[in-house]
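Asks: When you get a sec, could you give me coordinates for this:
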Amino acid sequence: MSALLITNIGTLVGIHPQNTLMLRGQQMQSLPILENAWILCEDGKISDFGKMERIPEQLPNHLVTHNAQQGFVFPSWCDSHTHIVFAASREEEFVMKIDGKSYEDIAAAGGGILNSAKKMQSASEDELYQSASKRLSDMINQGTGAVEIKSGYGLSTDSELKMLRVIQRLKNNFNIPVKASFLAAHAYPPEYKNDHEGYLKLIIDEMLPKIAGEGLADYMDAFCEQGFFSVEDTDRLLQAGAKYGLKPKIHANQLSVSGGVQIGVKHQAVSVDHLEVTDHAVIESLQSSNTIATLLPSCSFYLNIPFANARGLMNANIPVAVATDYNPGSTPSGNMNLVVSLACIKLRMRPEEAINAATLNGAAAMELSEITGSIAKGKTANLFITRPMSSLAFLPYSFGQSQIQTIVLNGIIS
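Replies: Alright, predicted model coming up:
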């Protein structure tokens, strides 16, 4: 494999110490940079970096050199919450939202998750793989270099397995880290509308053993929310997943103070995601844990629901990540650049905080921060190079306008 030397970097961003794997609250204000820099990538990893005036004389053979022309170099975005395996878009619901229908109204009319589940059942694995591949390729071209993908539009054993096998194919065929979450507890399917116990048993007694047997999931997820899965349901599901080595990553407090955060903390969840609705008890429970609060500002933007209290969480010294929530119903976008802009504009995060939330803490929310999420020797060389910019803040400031010029994956310009 050829080595890659990137020279004339205007600013190299995110040079956290090698042993820094997560940033809590106020630590997120620190985003170390190096100006007028170079970076060397060998065997798919970052091997060295420094100032241009101290570029090494001895360099590897078979060296490819790329001039960044004073652009910024960032570690790739780490998108820790997506639902990109789905059968069809739902723009008809977009129009319903414009007409004033709420998330709950659309779900009650047969839309929402159940709409996607119905379409999922008739889609083939190959069709799902092809459409998800296009979405993932788009995300990579927008700077994403690690991703978590959930099931949850199957709601039957066959369809959930089908989704997770598609995610497995994406893992095998794309050269970025991909994590899989099992989310059959996304909604109760119509046939179990009045038999919640029957569906819980289907997940626990039938789906989980098959998924574990094929090694198809890294995490156990559940939508802990009024009208979906209760705290008691979630508690039971997380216990069941743990028996198969699936760590919790749950949806909590999207529509109400549900108790989902506390049950996630009880089970030492890697992350609790959404948190559009928080109170003092939520913040207090997270303060005493290592669970990451993953916020999804483009979901709030799209649904016109409240934005999460990022400042309150960070002031309480809680680690915060941001992710896209890319899905066909509530966030049909995988653009992490927009997420970082919204984190600044709507969550009132400073650019440094938003970028840390989208890189190192996003990696931590997938248990990947030992290999990606910052610029450190030995980490995977997944990077993106921007146009020359007047400052770090210009990236989120110029929302909706991509500044990315070049993608580097595993030390290779793609």
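Asks: Just list whatever residues bridge to residue 63.
Replies: Beta-bridge partners recorded for residue 63 (DSSP bridges): residue 3.
Asks: For it, give its distance to residue 384.
Replies: Using CB to CB, to the nearest Å, residue 63 is found at 21 Å from residue 384. C-betas here are computed from N, CA, C, even on glycine.
Asks: Quick check: chain neighbours aside, which residue is closest to the residue most central in space within the chain?
Replies: Centroid-nearest residue in the chain: residue 80, 1.9 Å away (criterion: CA atoms, centre = their mean). Nearest residue to residue 80, sequence neighbours excluded (CB to CB, 6 or more residues apart in numbering): residue 365, at 3.8 Å.
Asks: Quick check: the gap between residue 203 and residue 184.
Replies: Applying CB to CB, one obtains 5 Å for the distance of residue 203 from residue 184.
Asks: Compare neighbour counts for these two and give me the winner.
Replies: Between residue 203 and residue 184, counted using other CB atoms under 10 Å, the more crowded position is residue 184 (31 against 23).
Asks: hmm, back to that, let me see the contact set for the residue nearest to residue 80.
Replies: Contact analysis of residue 365 by CB atoms under 8 Å, 6 or more residues apart in numbering lists 78, 80-81, 148, 249, 270-271, 292, 294, 321, 323.
Asks: just checking, which of those belong to strands?
Replies: Using DSSP state E, the members of these that fall in strands are 78, 148, 249, 271, 292, 294, 321.
Asks: would you turn those residues into a markdown table with neighbour count?
Replies: Putting those into a markdown table (neighbours: other CB atoms under 10 Å) gives the following:
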| residue | neighbour count |
| --- | --- |
| 78 | 32 |
| 148 | 31 |
| 249 | 31 |
| 271 | 29 |
| 292 | 27 |
| 294 | 30 |
| 321 | 30 |
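Asks: since we're on residue 65, how many residues are nearby?
Replies: Neighbour count of residue 65, defined by other CB under 10 Å: 12.
Asks: Just the element for it, please.
Replies: strand 63-67 (DSSP states H and E).
Asks: Give me the distance between the two termini of stretch 152-163.
Replies: The first and last residues of stretch 152-163 sit 8 Å apart, counting by CA to CA, to the nearest Å.
Asks: For that stretch, buried residues please.
Replies: For stretch 152-163, a neighbour-count test (16 or more other CB atoms under 10 Å) marks 152-156, 159-163 as buried.
Asks: do stretch 365-374 as well
Replies: Those would be 365-369, 372-374, for stretch 365-374 by 16+ other CB under 10 Å.
Asks: Could you do stretch 67-84 as well?
Replies: Within stretch 67-84, the residues that count as buried by 16+ other CB under 10 Å are 68, 71-84.
Asks: helices or strands up against the worst-scoring helix or strand of the chain on mean pLDDT?
Replies: Using mean pLDDT, DSSP states H and E, helix 103-108 stands out as the lowest-scoring helix or strand of the chain, at a mean of 79. Under the contact criterion of 3 or more CB pairs under 8 Å, 6 or more residues apart in numbering; DSSP states H and E, helix 103-108 touches helix 91-98.
Asks: which stretches of the stretch 151-300 of the chain form strands?
Replies: 178-185, 219-224, 247-252, 271-274, 292-295 (DSSP state E, counting those that start in this stretch).
Asks: show me the contacts for residue 273.
Replies: By CB under 8 Å, 6+ apart, the contact set of residue 273 is 80-81, 249-252, 294-296, 323, 325.
Asks: any idea how far residue 372 is from residue 109?
Replies: 41 Å.
Asks: can you give me the offset of stretch 264-283 from its chain's centre?
Replies: 16 Å (CA atoms, centre = their mean, to the nearest Å).
Asks: Give me the buried positions along it.
Replies: Neighbour counts over stretch 264-283 (16+ other CB under 10 Å) mark 264-267, 269-278, 282-283 as buried.
Asks: What of stretch 18-36?
Replies: Residues 20-25, 27-28, 31, 33-34 are the ones in stretch 18-36 that count as buried (16+ other CB under 10 Å).
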